[in-house]
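Visitor: With the input below, show me the fold.
(2 chains)
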Amino acid sequence: AQSVTQPDIHITVSEGASLELRCNYSYGATPYLFWYVQSPGQGLQLLLKYFSGDTLVQGIKGFEAEFKRSQSSFNLRKPSVHWSDAAEYFCAVGDDFGNEKLTFGTGTRLTIIP
Amino acid sequence: GAGVSQSPSNKVTEKGKDVELRCDPISGHTALYWYRQRLGQGLEFLIYFQGNSAPDKSGLPSDRFSAERTGESVSTLTIQRTQQEDSAVYLCASSPGNIGGETQYFGPGTRLLVL
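Guide: Model prediction:
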């Protein structure tokens, strides 16, 4: 069975600083990988996804993620964070057929300080 | 267009009571999912509906949990004889369901508190 690890429970960065959120997965085949963001009082919104092709994926709100098969990682990055990026971020992996039963990590809570 | 909607947004119930949670998927989406999010944790898959196929119930934690879906429309998640450990946010998602790797669109969730 697949699994996802987000080793950082909480990260604090200054506004304007760069950001990297870590995600490691365990899966036998080529995974389908997703990053979702959950803002307070709002539902989950997809930031980006990877399932084939270019290993560097661009998403919404200036986010990008890089799939590294050798490291079983799919880290999320942003060159300069904004106060509005404060939220909970979840990495997820899809199963064999690519869509059903997303397995989520436990999330990383991002705090932005002025 | 309208997104995924869920009702109620909040539900407080007493231990032992039954509860029903409702999900209205995006129109035309054939795939529908239920997840549970306990406080401070990630989402746990509960059940998946795809068109008229038999649902994948592999994530349901006990036989107190059940879900139904009428065609490709509304779904209800029922929890019988609720327990305090059932307290969580229950999230519904839908997707077009045609190919792999599709985006799942999530509703705002129902926050369930069992006293």
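
Visitor: who's the most centrally placed residue in chain A bridged to?
Guide: Central residue of chain A (CA atoms, centre = their mean): A:Trp35, 3.5 Å from the mean position. Beta-bridge pairing for A:Trp35 (DSSP bridges): A:Leu48, A:Cys91.

Visitor: Distance check, it against chain B.
Guide: 12 Å (CB to the nearest CB, to the nearest Å). (C-beta placed from N, C-alpha, C; glycine too.)

Visitor: my read: that residue touches A:Ala65, true?
Guide: Yes. With contacts counted by CB atoms under 8 Å, A:Trp35 reaches A:Ala65, the gap being 5.8 Å.

Visitor: Which neighbours do the two have in common?
Guide: Among the neighbours of A:Trp35, those also in contact with A:Ala65 (CB atoms under 8 Å, 6 or more residues apart in numbering or on different chains) are A:23, A:47-48, A:59, A:74, A:76.

Visitor: Neighbour-wise, give me the winner out of those residues.
Guide: A:Phe74 (28 neighbours; other CB atoms under 10 Å in any protein chain shown).

Visitor: residues in contact with the strand or helix carrying that one?
Guide: Assigned by DSSP states H and E, A:Phe74 belongs to strand A:73-78. For strand A:73-78, contacts defined as CB under 8 Å, 6+ apart pick out A:18-25, A:33, A:35, A:47-48, A:50, A:61-68, A:85, A:89, A:91.

Visitor: gap between the residue positioned nearest the centre of chain B and chain A?
Guide: In chain B, the residue lying closest to the centroid (CA atoms, centre = their mean) is B:Trp34, at 3.0 Å. Distance of B:Trp34 to chain A, computed by CB to the nearest CB: 11 Å.

Visitor: Let me know the pLDDT of that residue.
Guide: Reported pLDDT at B:Trp34 in the predicted model: 97.

Visitor: can you pull the contacts of it?
Guide: B:Trp34 touches B:23, B:45-48, B:67, B:75, B:77, B:90-92, counting by CB under 8 Å, 6+ apart.

Visitor: Keep only those of those residues that are also close to chain A.
Guide: B:45, B:48, B:91 (CB under 8 Å from any CB of the partner chain).

Visitor: where does chain A have low pLDDT?
Guide: A:96-99 (pLDDT under 70).

Visitor: Near chain B, which residues of it are found?
Guide: A:4, A:6, A:32, A:34, A:36, A:42-46, A:49, A:51-52, A:90, A:92, A:94, A:97-107.

Visitor: Just the ones of the residues you listed in strands?
Guide: Counting by DSSP state E, the part of those found in strands is A:4, A:32, A:34, A:36, A:44-46, A:49, A:90, A:92, A:94, A:103-104.

Visitor: Tell me, how many residues neighbour the nearest residue in space to B:Glu14 that is not next to it in sequence?
Guide: In space, B:Glu14 comes closest to B:Leu115 once its chain neighbours are excluded; the distance is 5.5 Å by CB to CB, 6 or more residues apart in numbering or on different chains. Other residues within reach of B:Leu115, judged by other CB under 10 Å, total 10.

Visitor: List the residues that contact B:Leu115.
Guide: B:12-15, B:84.

Visitor: Against A:Pro7, how distant is B:Lys11?
Guide: 34 Å (CB to CB, to the nearest Å).
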